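Asks: 3D, please:
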Amino acid sequence: MNPQLLGIHHVTAIVGEPQENIDFYTRVLGLRLVKQTVNFDDPYTYHLYYGDETGQPGTIITFFPWPASRHGSRGTGQISAIQFAVPVGALPFWQGRLADFGWRYGESEPRNDAAVLQFYDPAGLLLELVETPGEAHRSANGDIPAAAAIQRLAGVTLTVAQAAPSAAFLAGLLHFRADAGANSLALGNGASAARVTLVERPNVPRGSIAAGSVHHVAWR
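Replies: As a prediction, this is how the structure comes out:
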């Protein structure tokens, strides 16, 4: 029997300064710093874990801070955006909160019948808040109401030179299912659902991994 993937376990990215990373993800986004450890492959590098109050799988985003690193370049072969689920109707709160912190963001836009808000973190990672039906819960940050708090990771966007081979791999070997919209695949159900959106860019060079790049996504 093939093991069943249930959703995202965590996403790990590479950033620059650790303190600005901590300040942004705890103070601005209201996530909990679940633990601070080191990269097992490089014990001179911090490994910072953020998630909900209890550190549940599917809520975790982690970072390797490399303060002296060059900045990565965007391109194909990369995760190009990370999506967080927020309750339906939460985006006006987040527009106001980001403005209060002096943080720039894009206009809210509909995508597959869901409202989406885009902005970049201090390292240049593209983040998206996606209004998602489901049970809201209290944030680790007391000034973010449950009706607006980030609930979990909702998915990732993968930029590729050709979408068909990745789509065939995800569907055929990992048992993703076709989802709303072209080149969109889903995994799990309800509060565990996660989506991979494939963006095809045949004329874009491959990206390079350094600060501001996603290192990996892990499935549960």
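Asks: where in the protein is pLDDT low?
Replies: Within the chain, the ranges that satisfy pLDDT under 70 run 1-3, 135-141, 181.
Asks: Which helix or which strand is home to the most centrally placed residue in the chain?
Replies: Centroid-nearest residue in the chain, with C-alpha atoms, centre = their mean: residue 82, separated by 2.7 Å. Per DSSP states H and E: residue 82 is located in strand 78-86.
Asks: And the next helix or strand past that strand?
Replies: Following strand 78-86 in sequence order, the next helix or strand is helix 91-100 (DSSP H and E).
Asks: What is the distance between that next one and the centre of its chain?
Replies: Helix 91-100 sits 18 Å away from the centroid of its parent chain (C-alpha atoms, centre = their mean, to the nearest Å).
Asks: ok, back up a step: go ahead and name everything in contact with the strand holding residue 82.
Replies: Strand 78-86 is contacted by residues 11, 13, 29, 61, 74, 94, 116, 118, 125-132, 134, 148-159, 195, 199, 206-207, 209, 213-214, 217 when judged by C-beta atoms under 8 Å, 6 or more residues apart in numbering. Where you see a C-beta, it was placed from the backbone N, CA and C, and this is true even at glycine.
Asks: Could you list the paired strands of it along with their orientation?
Replies: Under the criterion DSSP bridges, strand 78-86 sits next to strand 126-131 (parallel), strand 152-160 (antiparallel) in its sheet.
Asks: now the helices for this protein?
Replies: Under the criterion DSSP state H, the chain contains helices at 18-22, 91-100, 163-172.
Asks: what's the second one packed up against?
Replies: Which is helix 91-100. Counting by 3 or more C-beta pairs under 8 Å, 6 or more residues apart in numbering; DSSP states H and E, the packing neighbours recorded for helix 91-100 are strand 114-120, strand 126-131.
Asks: Now do the last one and strand 114-120, the angle between them.
Replies: In other words, strand 126-131. Relative orientation of strand 126-131 and strand 114-120, computed by axes from the mean of the first three to the mean of the last three C-alpha atoms, to 10 degrees: 150 degrees.
Asks: Number the chain from 39, please
Replies: Will do, 39 is the new start, and the previous item becomes strand 164-169.
Asks: Can you name the residues bridging to the nearest residue to residue 56 once chain neighbours are set aside?
Replies: In this structure, residue 56 finds its nearest non-sequential neighbour in residue 103, 3.8 Å apart by C-beta to C-beta, 6 or more residues apart in numbering. Beta-bridge partners recorded for residue 103 (DSSP bridges): residue 53.
Asks: follow-up on the earlier one: mean neighbour count and distance to residue 218 added to the helices and strands packed on helix 129-138, as a markdown table?
Replies: Output for the helices and strands packed on helix 129-138, formatted as a markdown table (neighbours: other C-beta atoms under 10 Å; distance: least, C-beta to C-beta, whole Å):
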| stretch | mean neighbour count | distance to residue 218 |
| --- | --- | --- |
| strand 152-158 | 17 | 9 |
| strand 164-169 | 21 | 12 |
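Asks: Nearest to residue 229 among those strands would be which one?
Replies: Closest of the helices and strands packed on helix 129-138 to residue 229 is strand 164-169, at 13.4 Å (criterion: C-beta to C-beta).
Asks: CA-only coordinates of that closest one in PDB, if you can.
Replies: Extracted C-alpha coordinates of strand 164-169, given in PDB (Å, rounded to 0.1, in the frame of the first residue of the first chain):
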ATOM      1  CA  LEU A 164       7.100  36.500  -1.800                       C
ATOM      2  CA  LEU A 165       4.400  35.700   0.700                       C
ATOM      3  CA  GLU A 166       0.600  35.400   0.000                       C
ATOM      4  CA  LEU A 167      -2.200  35.500   2.500                       C
ATOM      5  CA  VAL A 168      -5.100  33.400   1.100                       C
ATOM      6  CA  GLU A 169      -8.600  33.700   2.600                       C
END
